[in-house]
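> sequence plus predicted model, see below.
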Amino acid sequence: MKERIVVKIGSQLLTREDETLDITQMSNLVDQIAELHKNNMEIILVSSGAVASGRNEINTRAKLDSISARQLYSAVGQVKLIHRYYDLFKQHGILCGQILATKEDFSTRRHYLNQRNCMNVMLENKVIPIVNENDAISINELMFTDNDELSGLIAAMMDCKKLIILSNIDGIYTGDPSDPESELIKEIDCKKETIEKYIQSSRSTTGRGGMITKYNIARKVAEEGIEVIIANGRTENIISYLVNERKVPSTRFIPSTKEISGVKKWIAHSEGFAKGEIHINAGVREALINYKAVSILAVGVTKIVGNFEIDDIVRIIDHTGKQIGVGRSSYTSKEAKEILGKAHTKALIHYDYLYIEK
């Protein structure tokens with residue numbers, strides 16, 4: 001199988017201070033991706049920038065609310081953005097194609113597999129998929145946190161070896177990146193380290209996310225066996241250097257060696273679609289955290305919250321009220337309440353459809 005990677009490019013890398021597209025920077029990044037593509041590597045590009053590039057193209061007649069403004073600017077800006085990408089890749093003799101995704105497109109296993117098939121067909125025919133959230137039709141409760149979340153979901157869905165998240169700083173620091181005493185954290189092993197205390201909560205002016213989002217997504221994706229690197233997209237030849245494992249300022253998340261099935265990868269990124277909660281006792285929590293191949297049985301469940309149907313996604317809540325995972329229910333919420341605490345019933349959530357956050 002060819003090496004397959006996802007490259008996520010943030011809005012702040014694609015726009016100038018006046019919020020016009022930075023064509024020089026776009027061209028530089030496309031040149032690097034084109035070179036890798038010609039060397040038989042499969043690249044999926046997740047690109048922000050539609051809202052930012054559309055904002056200065058139109059003067060609205062009246063002040064718009066935030067949702068309407070995002071819809072309008074993205075509808076205009078997405079055309080501009082993909083047209084520019086098309087021209088830049090065409091200069092290398094490479095075709096690209098557009099995929100606009102909403103969170104709802106990943107809410108069921110069938111939709112998830114349809115998305116995967118579309119991208120596989122594109123890659124098999126040497127077309128570079130360029131993915132962005134469909135801001136024109138997304139609404140708040142169905143939006144991705146930002147394109148970092150989308151890129152993590154796609155990296156897992158497409159069984160990628162590497163996810164490169166390009167930002168406007170070199171990675172995660174031990175303090176404010178502008179502080180000379182702050183140090184770049186070059187490598188993170190999520191099984192051994194907790195570094196949330198170091199992460200800044202500030203966001204860029206053009207994007208929705210921040211370093212906290214990047215860290216949370218990177219940690220989850222690395223747990224699924226995918227190497228994740230956060231780096232500065234304005235560093236010369238950054239993509240080429242990272243792919244070829246040359247030393248360059250960045251933060252690398254060490255991937256887990258544990259094999260995770262495709263279904264579990266889907267479930268791991270399905271928290272946003274949860275229809276309810278299953279509360280478990282301390283004994284079940286210990287078993288889930290410390291042992292392999294453990295299903296959730298009704299005898300260890302203390303409470304059912306929400307209304308859900310068979311195969312719906314539910315959150316797993318431990319005895320302290322903390323969420324420790326997500327899973328696909330084998331029962332409706334009504335049926336689950338009827339067997340609450342009972343022994344000798346089939347698993348409420350089978351191990352094959354359960355993802356526990358380590």
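Structure received. Numbers count the residues shown, from 1 in each chain.

> run through the bridge partners of V326.
R315, Y355 (DSSP bridges).

> what's the neighbour count on it?
For V326, the neighbour count with other Cβ atoms under 10 Å is 25. C-beta coordinates here come from the backbone N, C-alpha and C atoms, glycine included.

> got it, and M26?
21.

> and for the one 5 residues further on?
Counted with other Cβ under 10 Å, the burial measure for D31 works out to 16 neighbours.

> can you give me the pLDDT of it?
D31 carries a pLDDT value of 97.

> and the one helix or strand I82 maps to, how far out from the chain middle?
Assigning secondary structure by DSSP states H and E places I82 in helix 66-90. Mean-position distance between helix 66-90 and its chain equals 21 Å (Cα atoms, centre = their mean, to the nearest Å).

> what does the next helix or strand after it contact?
Past helix 66-90, further along toward the C-terminus, the next helix or strand under DSSP H and E is strand 95-101. Residues from elsewhere that reach strand 95-101 (Cβ atoms under 8 Å, 6 or more residues apart in numbering): 45, 78, 82, 85-86, 89, 115, 118-119, 122, 126-134, 136, 150.

> which other residues reach the very next helix or strand once past strand 95-101?
Sequence order places helix 109-124 as the next helix or strand after strand 95-101, per DSSP H and E. For helix 109-124, contacts defined as Cβ under 8 Å, 6+ apart pick out 4, 42, 44, 97, 99, 101, 104-106, 128-129, 154, 157-158, 263, 266.

> again, but for stretch 260-272
103, 106-107, 109, 112, 149, 152-153, 156-157, 159, 220, 223-225, 313, 315, 323, 326-328, 352-355.

> got the end-to-end distance for that stretch?
20 Å (Cα to Cα, to the nearest Å).

> from the middle of its chain, how far away would that stretch be?
On Cα atoms, centre = their mean, the centre of stretch 260-272 falls 12 Å from the chain's centre.

> could you do stretch 54-65 as well?
The answer for stretch 54-65 is 29 Å, by Cα atoms, centre = their mean.

> that stretch: which residues count as buried?
Buried residues in stretch 54-65, counted by 16 or more other Cβ atoms under 10 Å: 54-55.

> measure that stretch end to end?
Stretch 54-65: ends 16 Å apart by Cα to Cα.

> what sits up against that stretch?
By Cβ under 8 Å, 6+ apart, the list of residues contacting stretch 54-65 from outside reads 18-20, 69, 72-78, 80.

> gap between S261 and M26?
Distance from S261 to M26, counting by Cβ to Cβ, to the nearest Å: 37 Å.

> circling back to that earlier point, so which of the contacts of helix 109-124 wins on neighbours?
Ranked by neighbour count (other Cβ under 10 Å), those have I154 at the top, with 26 neighbours.

> could you find the closest non-adjacent residue to that one?
Excluding its sequence neighbours, the residue lying closest to I154 (Cβ to Cβ, 6 or more residues apart in numbering) is V6, at 5.6 Å.

> same question, E309
Using Cβ to Cβ, 6+ apart, the nearest residue to E309 is T332, at 5.3 Å.

> correct me, but the one you found touches G306?
No. The pair T332 / G306 is not scored as a contact, 10.9 Å apart, by Cβ atoms under 8 Å.

> compare the two (neighbour count), which wins?
Neighbours were counted for T332 and for G306 using other Cβ under 10 Å; T332 has more, 17 against 13.

> residues contacting that one?
Applying Cβ under 8 Å, 6+ apart to T332 gives the contacts 308-310.

> make JSON lines out of the residues you listed and add secondary structure and pLDDT.
What follows is the contacts of T332, written out as JSON lines (DSSP: H, G, I helix; E, B strand; the rest coil; pLDDT from 0 to 100):
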{"residue": "F308", "secondary structure": "coil", "pLDDT": "95"}
{"residue": "E309", "secondary structure": "coil", "pLDDT": "94"}
{"residue": "I310", "secondary structure": "coil", "pLDDT": "94"}
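
> rebuild these as JSON lines, extending it with neighbour count.
Below are the contacts of T332 laid out as JSON lines (neighbours: other Cβ atoms under 10 Å):
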{"residue": "F308", "neighbour count": "22"}
{"residue": "E309", "neighbour count": "13"}
{"residue": "I310", "neighbour count": "12"}
